[in-house]
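*Asks:* Show me the folded form of this:
(one chain, ligands or ions: 2)
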Amino acid sequence: PDLAEFVRGLPKAELHLHLEGTLEPELKFRLAERNGIRLPERTVEEVRQTYRFHDLTSFLRVYYPAMQVLQQPRDFHDLAFEYLTRAHADGIRHVEMFFDPQAHTGRGVPFESVIGGYRSAIVQAHREFGISAELILCFLRDHSAEYAMATLMEALPYRDWIIGVGLDSDERGNPPRKFAAVFERARREGFLLTMHCDIDQPDSREHIRQALEEIGVDRLDHGTNIVEDERLVELVRAKGIGLTCCPVSNSFVTAQMKSDEIIGLLDRGLLVTLNSDDPAYFGAYAADNYLALEKHAGLDADRLVELARNSFRASWLTPARLDGYL
Ligand code: ADE
Ligand code: ZN
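*Replies:* Ligands and ions are numbered 1, 2, ... in the order given. Predicted structure coming up:
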């Protein structure tokens, strides 16, 4: 059978997905109109023209301003529901999704509007097509630790709707250690922990070491740079830490998919998973990432199946629910 069909048909989990990164230009126009916002671009084509990135910083400069169209709870609902609908069609059975509350509260949108909209979409999507979804609250690492802590406090009333916390945005000069107290408190409050250790950042290996040894993360987002340090590879293996790799995203922010590194780590028995990161911006949802890596580096059916199984093994599903997928 057709390879694309095969990959779409594999039950998969998505573990590295930014909800704000699923804002397709068509929805952006609809929300702008609904909220009476004038956009600088006039057509979908013009919006796509702005999607030219050469590194993480140039991506983030396009990414954050686009979010201004998200204002009311139903805007956040529509964003998440459209994503979950696509994910379901793509063979995703379970998704653990990042959201950036500070990108919204920082411009006056109440925390409750953000999480309320996302939550109602999760409930509706589960009811309508059985997909399960969890939220991971990400702190913006280029803002202060105090602002992150205040955001964590704001999230506590909604703790039952949030499975874990993460760290994203511009990594340069913003090491995991900067947020040690925030993550320690989050752990005590019962949240699972993950962090972006983005591709080829300055001090990548030291940041990964801090995330693993000082913060004690339960997962690593990207984290592919462990290949440069045998000790880190062994640490990740010993702790059973999952890596959420994003090949197409890598090709946008570093001009390389990092396929040799990703497949090398997989072949060494690490818990490597494939994910989409910001699919509306990088033009590739989950199955497209499997197919892109296959096309670029060649993956036999066994490895594609192993990657799909890893996505559940590295997830935060409870053992009972995990059983149903393995
Ligand atoms: N925010 C959205 N996508 C991101 C990424 N890949 N790295 C850091 N911050 C992000
Ligand atoms: Zn990411």
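*Asks:* Residue 196 looks like it's in a helix, true?
*Replies:* No: read with DSSP: H, G, I helix; E, B strand; the rest coil, residue 196 is strand and lies in no helix.
*Asks:* Tell me if I'm right that it and residue 168 touch.
*Replies:* Yes: the pair residue 196 / residue 168 is scored as a contact, 4.8 Å apart, by CB atoms under 8 Å. All C-beta atoms are positioned from the backbone trio N, CA, C, and that covers glycine.
*Asks:* Write out the residues of the stretch 151-300 of the chain neighbouring ligand 1.
*Replies:* Within the stretch 151-300 of the chain, the positions adjacent to ligand 1 are 168, 169, 196, 198, 249, 277, 278 by CB under 6 Å from any ligand atom.
*Asks:* Which members of the residues you listed define the maximum pairwise distance?
*Replies:* Taking CB to CB, the two most distant members of those are 169 and 249; they sit 14.3 Å apart.
*Asks:* which of those two has more neighbours?
*Replies:* Shown here are residue 169 and residue 249; by other CB atoms under 10 Å, residue 249 has more neighbours (29 against 21).
*Asks:* tell me which element the more buried one is part of?
*Replies:* Element membership of residue 249, judged by DSSP states H and E, is helix 247-253.
*Asks:* in the stretch 151-300 of the chain, which spans are strands?
*Replies:* For the stretch 151-300 of the chain, the strands defined by DSSP state E, counting those that start in this stretch occupy 162-168, 192-197, 219-222, 242-245, 271-274.
*Asks:* rewinding a little: go through the residues of the stretch 151-300 of the chain next to ligand 1 and name the one nearest ligand 1.
*Replies:* Taking CB to the nearest ligand atom as the measure, ligand 1 sits nearest to residue 168 out of those, at 3.5 Å.
*Asks:* Return the distance of that closest one relative to residue 129.
*Replies:* Distance from residue 168 to residue 129, counting by CB to CB, to the nearest Å: 28 Å.
*Asks:* More neighbours: the two, which one.
*Replies:* Neighbours of residue 168 and residue 129, each counted by other CB under 10 Å, are more numerous for residue 168; the result is 26 against 13.
*Asks:* mind checking pLDDT for that one?
*Replies:* pLDDT for residue 168: 98.
*Asks:* same thing with residue 1?
*Replies:* We have a pLDDT of 63 for residue 1.
*Asks:* For the closest residue to residue 190 other than its chain neighbours, give me its contacts.
*Replies:* Of all residues not flanking residue 190 in the chain, residue 159 sits nearest, at 6.9 Å (CB to CB, 6 or more residues apart in numbering). Residue 159 sits next to 189, 190, 191 when contact means CB atoms under 8 Å, 6 or more residues apart in numbering.
*Asks:* Before I go, just wanted to say thanks for your time.
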